[in-house]
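*Asks:* coordinates only, no sequence provided:
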């Protein structure tokens, strides 16, 4: 009994479906003569105004950071650094539009001054590439994957928010 009811229900539903619409000759020629314009995708780069927050280094000089360790950077409104802060791997930065400039850390010792005490921790080997890219950088842009590409002087570093 149940299968008979299912068959009746299926038949009733198929009878309710609308018949396909076949365009008339004049409608068909109108459609063919004026195809719909292809959608244009305009992507304007979103301006990056700060490096505040926690960042994961995903790439250095165009190559993925594919190591057994990760490199994380922390940023404030004026500086970016590698933890532990006592390692004194710190750069100040300034962003204007799509331009970025890095410099010595705010309050960094001047030549001839005694440097602050530093940790006895060694930075990861790839940190040298990160610093080289930051020191040479003059441009910053947001990638389609929502990362930050900082580049210039033939070097780059790709960061993703953590």
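*Replies:* Perfect, thanks for sending it. A quick note: this is a predicted structure, and the numbers were derived from the prediction, not measured.

*Asks:* where exactly do the strands run in the chain?
*Replies:* Assigned by DSSP state E, the chain shows strands spanning 53-60, 63-64, 72-75, 79-82, 90-96, 99-104, 139-142, 148-152, 155-161.

*Asks:* neighbouring contacts of the fourth one?
*Replies:* With CB atoms under 8 Å, 6 or more residues apart in numbering as the contact definition, strand 79-82 has outside contacts at 51, 55, 71-75, 89-93, 102, 105-106, 123, 127, 130, 134. The C-beta positions use only the backbone N, C-alpha and C, and glycine is treated the same way.

*Asks:* so where's the protein shaky on pLDDT?
*Replies:* Low-confidence segments of the chain (pLDDT under 70): 1-45.

*Asks:* sort out which residues of stretch 80-88 are buried, please.
*Replies:* Using 16 or more other CB atoms under 10 Å as the test for burial, stretch 80-88 gives 80, 81, 82, 87, 88.

*Asks:* next one: stretch 128-135
*Replies:* 129, 130, 131, 132, 133, 134.

*Asks:* of those, which is the nearest to residue 141?
*Replies:* If you rank these by distance to residue 141 using CB to CB, residue 133 comes first, at 13.8 Å.

*Asks:* my read: the closest one touches residue 149, true?
*Replies:* No: using CB atoms under 8 Å, residue 133 is not in contact with residue 149, being 10.0 Å away.
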